[in-house]
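Undergrad: Okay, sequence plus prediction incoming.
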Amino acid sequence: MVSMVQDSRPVRVLVAKPGLDGHDRGAKVIARALRDAGMEVIYTGIRQTPQMIVQAAAQEDVEVLGLSILSGAHMELLPEIMRLLREQGMDDVLVVLGGIVPEEDRQPLAEMGVNAVFGPGASTQQIVDYIRNGVRGPAAF
């Protein structure tokens, strides 16, 4: 019988609010839900530039970058964030986006490398489960 050992380190997540959007209640709710689920969460606060976000993600050695954008500027901000992640050799970072994202923008975001988009109505449990499975894979018993 082969034994599979689960990685016991907490998943490291950076939650950030890129751009000028100052509404951070949702990001704080998600950050708390991830922390309550046993993840290590770093929250950068509001009004972060793509450079600030990627620099923090690199310094904190995160496995997940969670972005919250309610301003509609996702198609302006995400290309730069994804480019900077690639430049830093951080292609393996799981990138999830939450906020108001029109259906027609989801495929272009996926093509940029965004792994998931969570809109209004997504439960915190859905987000926790997606991140756990995306980083560590489904639990093996």
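TA: Okay, I see it.

Undergrad: All the strands of the chain, in order from the start?
TA: Here the chain has its strands, by DSSP state E, at 12-16, 40-43, 64-69, 94-99, 116-118.

Undergrad: What about residue 92, how many residues nearby?
TA: 8 (other C-beta atoms under 10 Å). No exception for glycine: its C-beta is placed from N, CA and C like everyone else's.

Undergrad: now swap in residue 76 and tell me
TA: Neighbours of residue 76 (other C-beta under 10 Å): 13.

Undergrad: Name all residues that make contact with it.
TA: Neighbour list for residue 76: residue 19 [criterion: C-beta atoms under 8 Å, 6 or more residues apart in numbering].

Undergrad: what does stretch 81-96 rub up against?
TA: Outside stretch 81-96, the residues touching it (C-beta under 8 Å, 6+ apart) are 18, 50-51, 53-54, 57-58, 62-67, 112-118, 127, 130-131, 134-135.

Undergrad: Which of the residues you listed fall within helices?
TA: Among the contacts of stretch 81-96, DSSP state H puts 50, 51, 53, 54, 57, 58, 112, 127, 130, 131, 134, 135 in helices.

Undergrad: and which of the residues you listed is nearest to residue 105?
TA: residue 112 (10.2 Å; C-beta to C-beta).

Undergrad: mind checking how far the residue nearest to that closest one when sequence neighbours are not counted is from residue 54?
TA: Distances taken as C-beta to C-beta, 6 or more residues apart in numbering place residue 82 nearest to residue 112, at 4.7 Å, with adjacent residues excluded. Here residue 82 is placed at a distance of 9 Å from residue 54 (C-beta to C-beta, to the nearest Å).

Undergrad: which one of these two has more residues nearby?
TA: Taking neighbours as other C-beta under 10 Å, residue 82 and residue 54 compare with residue 54 leading, 25 against 22.

Undergrad: distance of the residue nearest to residue 127 when sequence neighbours are not counted from residue 9?
TA: Closest residue in space to residue 127, ignoring its immediate chain neighbours: residue 118 at 5.7 Å, by C-beta to C-beta, 6+ apart. Noted for residue 118: a distance of 24 Å to residue 9, by C-beta to C-beta.
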